[in-house]
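[1] Whatever this is, show me its structure:
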Amino acid sequence: MRGAVQGVGFRPFVWRLAHALSLAGWVRNDIAGVFIELEGEDGALREFRRALDEAPPPLARIREILENPAPVTKEPGFTIRPSEDAGARTVLVLPDVATCPACLAEVLDPKDRRHLYPFANCTNCGPRFTIVTDLPYDRPATTMAAFTLCGECRAEYEDPRDRRFHAQPIACPACGPHLEAWSPSGDVLARRHEALLAAADALRAGAVVAVKGLGGFHLMCDARSADAVAALRRRKRREEKPLALMVRDVAAARALAEVTDESEALLAGPEAPIVLLPRRADAGVASNVAPGRPELGLMLPATPLHHLLLRETRFPVVATSGNRSEEPIATDEREALVRLAGMADLFLVHDRALARHVDDSVARVVAGAPRLLRRARGWAPLPVPVREELPVILGVGAHMKTAVALSVGRQVFLSQHVGDLETPEALDAFERVIADFQRLYAVEPAAVAHDLHPGYASTVFAKKLAEARGLPAVAVQHHHAHLAACLAENEADGPALGVTWDGTGLGTDGTIWGGEFLLGDASGFTRVAHLRPFRLLGGDAAVKEPRRIALAILLELLGEGALGREDLECVRSFSRSEREVLAKMASSGLNAPVTTSAGRLFDAVASLLGIAQKSSFEGQSAMALEAAAFEAWGEVAPGAAQPLAGQIRLVISSDGSAILDWEPLLSYLLGKSSPGVSSSLLAAEFHAALADGIAAAAAHVGAPRVALTGGCFQNKLLTELAAARLRAAGFEVLLHGAVPPNDGGIGLGQVLVAAERLKHLHRGD
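    Numbering: from 1, shown residues only. As a prediction, the model looks like this:
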């Protein structure tokens with residue numbers, strides 16, 4: 001059996017099942033999966049096979065079962081054989097899994113020997129990816145090898161009837177890891193449960209506490225205290241970006257946010273991601289936790305440590321990544337003392353080493369299903385299956401929200417979220433993840449795939465690596481990679497129309513793309529339509545100042561008259577001399593590159609409607625525009641089922657290509673904009689009009705299958721409206737799920753495009 005079949009209690013499940021059916025034989029792990037040999041009556045063998053299909057262990061994910069007849073050897077019974085480590089490494093390393101109900105019950109039971117023990121786990125829960133150092137997955141190949149099992153744990157570990165049979169991280173207070181509370185200088189202030197109590201006391205007192213968790217450190221503080229949150233923001237240099245919250249249980253989540261059945265299943269699932277949920281009006285958290293946002297990012301405790309801490313504090317806590325802005329999360333306690341110096345008042349640490357960093361995953365329910373925005377704990381490093389065996393290809397991702405992809409056989413493994421490659425620390429983490437993946441799967445890439453943009457740090461690294469090893473370096477256009485990733489995740493054949501909307505991606509014509517309609521698949525694409533281009537006044541400065549983009553668009557719509565529109569905040573915010581300089585920039589094109597970016601169009605409209613003029617973090621103004629639209633959606637919903645005529649225009653060229661022209665839409669918004677008209681209502685109409693434009697472009701192209709991909713489809717409202725419009729028109733719509741629509745999925749697409757490119761190269765095409 002291949003798939004996520006190790007570290008999930010598969011061997012004891014097989015042992016118990018074989019004994020119940022009086023079957024002889026054996027089961028073992030190796031680096032390809034789980035091997036079983038069975039001897040017995042035909043009926044018992046059929047019953048065994050049925051149980052594999054219908055009732056495997058809860059965490060098992062069987063990708064493939066290969067069966068072959070074998071000669072009868074008259075085994076005396078059924079045994080569990082030692083693991084083997086020869087052959088190709090295709091086994092799936094299971095992600096870290098949140099505490100199961102059985103382990104939590106033991107931790108909270110005063111009569112249990114693991115009472116209040118923060119590292120309890122079994123085959124159904126606990127750390128996996130963050131502690132494994134080699135394959136196959138056995139205790140000597142984990143960071144738990146440093147802890148010798150006591151007699152009681154050894155008995156559980158060796159008993160196939162016990163749920164801790166071969167649970168590699170198994171531990172108890174007598175033989176496992178322990179907590180310590182440290183001062184910022186590294187002095188030990190308390191040990192074991194007293195250390196946890198010290199951390200809870202510090203949180204109650206308004207302190208910032210650094211807590212070592214499953215995949216690294218969280219910085220925590222009392223989410224009810226505006227002063228504590230302000231201190232954390234100041235120290236972390238995170239001015240306005242929303243902060244995630246950890247709450248004790250689903251009931252505590254319901255006190256802060258609106259929780260549907262779908263979002264509850266996601267929130268309380270074994271992956272335990274941060275889930276974006278609509279904030280309740282009476283939510284008892286400080287306003288500076290998520291300033292101006294209608295949503296809160298909530299997660300439940302993922303470990304016994306966090307369960308115990310939240311039960312002690314009895315209030316929601318901020319739980320944000322333990323790092324400085326643009327740096328990877330800290331994983332080692334000594335390293336944390338240095339990297340988090342001046343940020344934390346207390347450190348709650350433990351002595352279980354982490355083999356690698358893994359952040360919290362982030363998800364939201366969109367169109368009735370979970371959609372990942374950041375793929376990390378709970379999902380990484382599970383692969384995306386592909387239909388044919390691929391050469392080993394390394395996809396290094398893009399520059400923002402980077403994640404690495406590696407093909408091995410008929411699987412493309414996706415790394416945990418690495419982040420933005422803006423600092424030396426982030427680049428070090430990026431290179432460590434690549435080396436880690438290659439070492440874990442014992443492979444050398446046959447090719448390296450990278451983004452078309454030559455200035456991305458990932459591109460520079462890929463070219464150096466390829467040159468050093470004599471490998472082909474395959475440049476993949478950014479939006480083509482988005483399309484290929486969406487098709488692969490949905491196991492869909494092309495060609496399909498990829499509506500690939502995001503902030504930035506270098507196009508094949510050397511301009512900045514981002515509002516693209518690409519017809520194709522991994523083997524190639526045709527750019528059949530795109531948004532009407534506009535200028536970014538000041539280049540990268542426009543990303544941080546949406547008002548610059550708004551002014552550029554106003555200059556296109558109104559000419560020099562735009563400079564006098566002081567009724568608009570985006571104009572009024574500039575001095576007269578600044579406006580004149582920017583107008584010259586627009587007319588000359590100097591430091592004012594052209595783009596078709598849908599993400600930047602969202603920024604421009606947020607500015608034009610007076611919702612946001614500057615952004616302190618990537619995507620802030622677009623998020624604010626979406627929030628405003630949701631605020632008014634009840635007013636526009638009845639009419640939004642019909643196209644809002646005349647607000648968006650598809651202009652078709654003589655060659656059949658098309659431009660989605662935003663001019664009538666923005667003119668409409670400007671015409672309706674006045675002190676008496678809700679900017680939220682106009683924001684809602686903007687979203688509805690874009691969905692109409694997507695449907696119009698799809699109708700023009702005529703491909704029956706449409707993939708919505710790219711960072712703009714993190715926007716719940718845009719995604720749901722566009723998907724509904726397309727389905728009503730008879731199109732099959734493909735959306736992302738376990739692979740983010742943003743640049744976190746780029747590496748996957750790069751691998752698949754590069755594989756097609758190599759296939760043609762080998763054929764001599």
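[2] Can you show me the strands along the stretch 51-200 of the chain?
    In the stretch 51-200 of the chain, the strands defined using DSSP state E, counting those that start in this stretch lie at 61-64, 78-80, 179-182, 188-191.
[3] Report the mean confidence score over the third one.
    Translated: strand 179-182. On average, the pLDDT along strand 179-182 is 98.
[4] same question, stretch 322-336
    Averaged over stretch 322-336, pLDDT sits at 90.
[5] same thing with stretch 467-480?
    Per-region confidence: stretch 467-480 scores 97 on mean pLDDT.
[6] Now do the buried residues in it.
    By 16 or more other CB atoms under 10 Å, the buried positions in stretch 467-480 come out as 471, 473, 474, 475, 476, 477, 478, 479, 480. Any C-beta I mention is one placed from the backbone N, CA and C, and that applies to glycine too.
[7] And the second one, how far from residue 462?
    This points to residue 473. Per CB to CB, to the nearest Å, residue 473 is found 6 Å from residue 462.
[8] where does the stretch 551-700 of the chain dip in pLDDT?
    Within the stretch 551-700 of the chain, the stretches with pLDDT under 70 are 634-646, 676.
[9] okay, now the domains of the chain?
    Using automatic domain parsing, the domains assigned to the chain come out as 2-80, 179-359, 381-479+744-763, 531-734.
[10] Off-centre distance for the longest one?
    It refers to domain 531-734. Computed by CA atoms, centre = their mean, to the nearest Å, the chain-centroid distance of domain 531-734 equals 26 Å.
[11] how long is that domain from one end to the other?
    21 Å (CA to CA, to the nearest Å).
[12] returning to that earlier point: I'd like the buried residues of stretch 467-480 as JSON lines, with distance to residue 392 appended.
    Output for these, formatted as JSON lines (distance: CB to CB, whole Å):
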{"residue": "471", "distance to residue 392": "10"}
{"residue": "473", "distance to residue 392": "15"}
{"residue": "474", "distance to residue 392": "13"}
{"residue": "475", "distance to residue 392": "19"}
{"residue": "476", "distance to residue 392": "17"}
{"residue": "477", "distance to residue 392": "22"}
{"residue": "478", "distance to residue 392": "23"}
{"residue": "479", "distance to residue 392": "25"}
{"residue": "480", "distance to residue 392": "21"}
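[13] shaky segments in this structure?
    When residues are selected by pLDDT under 70, those of the chain lie in 7, 85-91, 634-646, 676, 762-765.
[14] Spell out for me which residue occupies the centre of it.
    Centroid-nearest residue in the chain, with CA atoms, centre = their mean: residue 374, separated by 1.6 Å.
[15] Tell me how far that residue lies from residue 260.
    21 Å.
[16] before we move on, back to that, shared neighbours, residue 473 and residue 462?
    Common neighbours of residue 473 and residue 462 (criterion: CB atoms under 8 Å, 6 or more residues apart in numbering): 448, 449, 450.
[17] now the domains of the chain as CSV including distance to residue 101?
    Shown next, in CSV, are those (distance: least, CB to CB, whole Å):
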stretch, distance to residue 101
domain 2-80, 11
domain 179-359, 10
domain 381-479+744-763, 23
domain 531-734, 31
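[18] To residue 495, which of the ones you listed lies closest?
    Checking those against residue 495 by CB to CB gives domain 531-734 as the closest, at 6.2 Å.
[19] which residues does residue 292 contact?
    Counted by CB under 8 Å, 6+ apart, residue 292 has contacts 240, 624, 627.
[20] Mark which of the residues you listed are buried, thanks.
    Buried by 16+ other CB under 10 Å: 624, 627, out of the contacts of residue 292.
[21] closest to residue 251 among the contacts of residue 292?
    Comparing the contacts of residue 292 against residue 251 with CB to CB places residue 627 closest, at 26.2 Å.
[22] helix or strand right after the helix or strand where the closest one lies?
    Secondary structure from DSSP states H and E places residue 627 in helix 620-640. Counting by DSSP H and E, the next helix or strand C-terminal to helix 620-640 is strand 649-652.
[23] For the helix or strand following that following strand, buried residues please.
    Counting by DSSP H and E, the next helix or strand C-terminal to strand 649-652 is strand 658-661. Buried residues in strand 658-661, counted by 16+ other CB under 10 Å: 658, 659, 660.
[24] And for stretch 180-198?
    Neighbour-count burial for stretch 180-198 flags 180, 181, 182, 189, 190, 193, 195, 196, 198 (criterion: 16+ other CB under 10 Å).
[25] Of these, which pair is most distant in space?
    Longest span within the buried residues of stretch 180-198, CB to CB: 182 and 193, 15.7 Å.
[26] I'd say residue 525 and residue 518 touch.
    Yes: with contact defined as CB atoms under 8 Å, residue 525 reaches residue 518; the gap is 4.3 Å.
[27] Looking at those two, which is more packed in?
    For residue 525 versus residue 518, neighbours defined as other CB atoms under 10 Å are more numerous around residue 518 (28 against 25).
[28] for the one helix or strand the more buried one maps to, packing partners?
    Assessed by DSSP H and E, residue 518 sits inside strand 512-521. Using 3 or more CB pairs under 8 Å, 6 or more residues apart in numbering; DSSP states H and E, the elements in contact with strand 512-521 are helix 478-489, strand 496-506, strand 524-531, strand 594-595, helix 598-608, strand 658-661, helix 679-701.
[29] Need the ones you listed in a markdown table (columns: distance to residue 57).
    Putting those into a markdown table (distance: least, CB to CB, whole Å) gives the following:
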| stretch | distance to residue 57 |
| --- | --- |
| helix 478-489 | 25 |
| strand 496-506 | 36 |
| strand 524-531 | 42 |
| strand 594-595 | 50 |
| helix 598-608 | 42 |
| strand 658-661 | 49 |
| helix 679-701 | 42 |
